[in-house]
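Chemist: the sequence and its predicted three-dimensional model are supplied below.
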Amino acid sequence: MDKLELNTKAQELRELLGEDANSPVDIFSLANHIDKLTLVFYPLGENISGMCVNDSEIKLIAINSTMSYGRQRFSLAHELYHLYFDGGSGFNVCSKRFESKSENEKCADQFATYFLAPYKSLRAEVRKVSCDSLLSLPQVIALEQYFGMSHLAMLWRLVNEGYLSSDKIDDYNHGVISVSRKLGYDDKLYRPTPPELMKRTYGHYLKQVEEMKNRDLVSSGKIDELLLDAFRDDIVFGLDGDVQGAEVID
Ligand SMILES: [Zn+2]
């Protein structure tokens, strides 16, 4: 699939999920609205960014929570490609590296960058931050902060679109967090998930457990066991700070 086709697919999925064509997206919130999808955050090891299972019984995406928040956003967009557009096996384990991948994995990466930063809106933002063709590190940071994309994914995308020369990648890979702080940005994009939230399950699985509980289908001990299997001790033991009867502070 060529770039144009992948950008079109990214636009199609944005539309399907109720997003407009150009704005930055809250991808985790969008994924939570996908019917029957279970989303798992888990430390998947050094080399794996995510996984996707999509067959007649299970629709599951797992994201490596030890990677930065920006990279997790990118990984989720990559896995959405497997979920919606990959006609392959229905089971994918995805490598963290951007280089030396299969064609299918490269397509998923390209799709992910277009989903987070659509072709036209990236071009418009590049024009806003830079009057000449040479993007500086602070300008690259401004772009990734706007679209919520990991630093490395943004560098590769800019090289791919001809906005940056590939020999800048190494230079621009140092001091990113400190430069972004000095520019007034939150450094959340560059940080992994806090340790206490690194193992978590969201979405369909939780809804199913709640339904079993409401319909009295299994014992309360079994419900607790199912929740603990999904790393939701916060629900079993009420550890989430929002204990029974406490009001939400909005
Ligand atoms: Zn993949």
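Modeler: Here it is on my side, so go on.
Chemist: when you work out contacts or count neighbours from here on, use the C-alpha atoms and nothing else.
Modeler: Fine.
Chemist: just the pLDDT for the residue nearest to the spatial centre of the chain.
Modeler: Centroid-nearest residue in the chain, with Cα atoms, centre = their mean: residue 73, separated by 2.1 Å. On pLDDT, residue 73 comes in at 97.
Chemist: over to residue 131?
Modeler: Looking at residue 131, its pLDDT stands at 75.
Chemist: swap in residue 244?
Modeler: Looking at residue 244, its pLDDT is 54.
Chemist: please apply the same query to the one 4 residues further on.
Modeler: On the pLDDT scale, residue 248 is placed at 72.
Chemist: before we move on, back to that, the residue nearest to the centre of the chain touches residue 151, doesn't it?
Modeler: No: using Cα atoms under 8 Å, residue 73 is not in contact with residue 151; the gap is 11.6 Å.
Chemist: and the closest residue in space to residue 104 that isn't next to it in sequence, how many neighbours does it have?
Modeler: Using Cα to Cα, 6 or more residues apart in numbering and skipping residues adjacent in sequence, the residue nearest residue 104 is residue 86, 7.9 Å away. Number of residues near residue 86 (other Cα atoms under 10 Å) recorded here: 18.
Chemist: could you do residue 187 as well?
Modeler: By other Cα under 10 Å, 16 other residues sit near residue 187.
Chemist: element containing the residue nearest to the centre of the chain, please.
Modeler: When elements are assigned from DSSP states H and E, residue 73 belongs to helix 69-85.
Chemist: which helices and strands sit right next to that helix?
Modeler: Under the contact definition 3 or more Cα pairs under 8 Å, 6 or more residues apart in numbering; DSSP states H and E, helix 69-85 sits against helix 27-32, strand 48-54, strand 59-64, helix 103-116, helix 151-160.
Chemist: quick check, residue 92 in contact with residue 82.
Modeler: Yes: in this structure residue 92 lies within contact range of residue 82 using Cα under 8 Å: 7.4 Å.
Chemist: and those two? Which one has more around it.
Modeler: More neighbours surround residue 82 than the other of residue 92 and residue 82, with 25 against 18 (other Cα under 10 Å).
Chemist: just list the residues touching the residue nearest to the centre of the chain, thanks.
Modeler: Applying Cα atoms under 8 Å, 6 or more residues apart in numbering to residue 73 gives the contacts 27, 28, 148, 149, 150.
Chemist: ok, what's across the strand from the closest residue to the ion within the chain?
Modeler: Per Cα to the ion, residue 94 is where the chain lies closest to the ion, at 4.1 Å. On the basis of DSSP bridges, residue 94 takes part in beta bridges with residue 50.
Chemist: ok, it - contacts?
Modeler: Residue 94 sits in contact with 48, 49, 50, 51, 105, where contact means Cα under 8 Å, 6+ apart.
Chemist: next, count neighbours for residue 197.
Modeler: 15.
Chemist: same check, this time on residue 160
Modeler: The local packing of residue 160 (other Cα under 10 Å) involves 13 other residues.
Chemist: how near is residue 112 to residue 234?
Modeler: For residue 112, the distance to residue 234 equals 31 Å [Cα to Cα, to the nearest Å].
Chemist: residue 188 belongs to a strand?
Modeler: No: secondary structure assignment (DSSP: H, G, I helix; E, B strand; the rest coil) places residue 188 in helix, not in a strand.
Chemist: which residues touch it?
Modeler: 69, 70.
Chemist: per-residue pLDDT, it?
Modeler: 95.
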